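In: this one's structure only:
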């Protein structure tokens, strides 16, 4: 137990843990929808789309979060515009903008006197540098995320499974899509300083994937993903403390490991159930197919 407590006797590690837990909660909520809607590539693209704004803010000495948010919004709007025109497929549009924004960000930051340090912070974050102001921003971001997720839950669900039904019910699937992209943008921007643009997708996807192997309801998946993400933050920070590794990368690696371990445990449990002797099963249900375990959206 002392090995776990020891790293957090310092203020910067406590603030890193608090910030990481807030990021995990944001990514747990948003990441669940990212997995359900198959928006992983979009999340990665927005993460790179914010780089020019962050780079420009760094060079000019302006707030990096504001620059990143503005750039990410431009990226999201451009993707939407290209999709509506229909001249390029969705993934092609994202791929081209992905590379363009990343390149532009590196070009801009190359004018900084501390190019290597700034570029590393942009790509991999610096969770150990989180301060009280950053924690306040993350708290507000979490509150906004939860408010939008609750307000648009029915619209998100209906749009995910049948936009026509959503339209019939007056749930405005196009607005729901815009708000969902906005949530992904908010999660990426809010998580930027903690794990950087390259690693944020790990916290968006891995905890949600890990939780999805054990839950059937979306709200439950979100809550479990947030807890799993928080555990990954804790494990990553402890590993970084003792192994001397980069904190953001350690957190991302721990998050990926949760998905791997969860998948192995789920597969192992399913295998044991299939190998169980027939005599141990309920004779009343023998020969019948088990009930469907389709996810409930409540």
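Out: Right, received. Where do you want to start? Because the structure is a prediction, the values reported are computed rather than measured.
In: Around residue 52, count how many other residues there are.
Out: Neighbour count of residue 52, defined by other CB atoms under 10 Å: 26. The C-beta positions use only the backbone N, C-alpha and C, and glycine is treated the same way.
In: now do the one 10 residues further on
Out: If you count neighbours by other CB under 10 Å, residue 62 ends up with 13.
In: next one: residue 142
Out: Counted with other CB under 10 Å, residue 142 comes out at 21.
In: cool, and the one 5 residues further on?
Out: Using other CB under 10 Å, the number of residues around residue 147 comes to 10.
In: List the contacts of it.
Out: Going by CB atoms under 8 Å, 6 or more residues apart in numbering, residue 147 touches no other residue.
In: quick one: average confidence on the helix or strand harbouring it?
Out: Using DSSP states H and E, residue 147 sits within helix 132-151. For helix 132-151, the mean per-residue pLDDT is 92.
In: do stretch 50-64 as well
Out: Mean pLDDT, stretch 50-64: 80.
In: Repeat that for stretch 29-36.
Out: 92.
In: still on that earlier bit, give me the buried positions along the following helix or strand past the helix holding residue 147.
Out: The helix or strand immediately downstream of helix 132-151 is helix 153-161, counting by DSSP H and E. Across helix 153-161, burial judged by 16 or more other CB atoms under 10 Å covers 153, 155-160.
In: residue ranges of the helices in the stretch 151-298 of the chain, please?
Out: Here the stretch 151-298 of the chain has its helices, by DSSP state H, counting those that start in this stretch, at 153-161, 163-168, 173-212, 218-243, 247-275.
In: Which one of these lies nearest to residue 89?
Out: helix 173-212 (16.9 Å; CB to CB).
In: what angle separates the closest one from helix 132-151?
Out: 110 degrees (axes from the mean of the first three to the mean of the last three CA atoms, to 10 degrees).
In: chain center to helix 173-212, what's the gap?
Out: How far helix 173-212 lies from its chain's middle: 3 Å, per CA atoms, centre = their mean, to the nearest Å.
In: Could you do stretch 50-70 as well?
Out: So, by CA atoms, centre = their mean, the centroid of stretch 50-70 is 21 Å from its chain's centroid.
In: For that stretch, which residues meet the burial criterion?
Out: Buried-residue list, stretch 50-70, by 16+ other CB under 10 Å: 50-59, 64-65, 67-70.
In: Please apply the same query to stretch 211-222.
Out: 211-213, 215, 218-222.
In: got it, and stretch 71-78?
Out: Buried-residue list, stretch 71-78, by 16+ other CB under 10 Å: 71-76, 78.
In: List the contacts of residue 276.
Out: Residue 276 neighbours (CB under 8 Å, 6+ apart): none.
In: what's the distance between it and residue 216?
Out: 22 Å (CB to CB, to the nearest Å).
In: returning to what we had before: now, among the buried residues of helix 153-161, which is nearest to residue 193?
Out: Of all those, residue 156 has the smallest distance to residue 193: 27.2 Å, by CB to CB.
In: one step back: now render the buried residues of stretch 211-222 as CSV, adding pLDDT and distance to residue 147.
Out: As requested, those are exported to CSV (pLDDT from 0 to 100; distance: CB to CB, whole Å):
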residue, pLDDT, distance to residue 147
211, 95, 21
212, 93, 23
213, 92, 28
215, 92, 22
218, 92, 16
219, 93, 15
220, 95, 19
221, 95, 19
222, 96, 14
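In: Can you name the two of those residues that sit furthest apart?
Out: 213 and 219 (16.5 Å).
In: Point out where this protein drops to low pLDDT.
Out: Residues of the chain meeting the criterion pLDDT under 70: 83-88, 90, 112-122, 198, 277-298.
In: hmm, try it at 50
Out: 279, 285-294 (pLDDT under 50).
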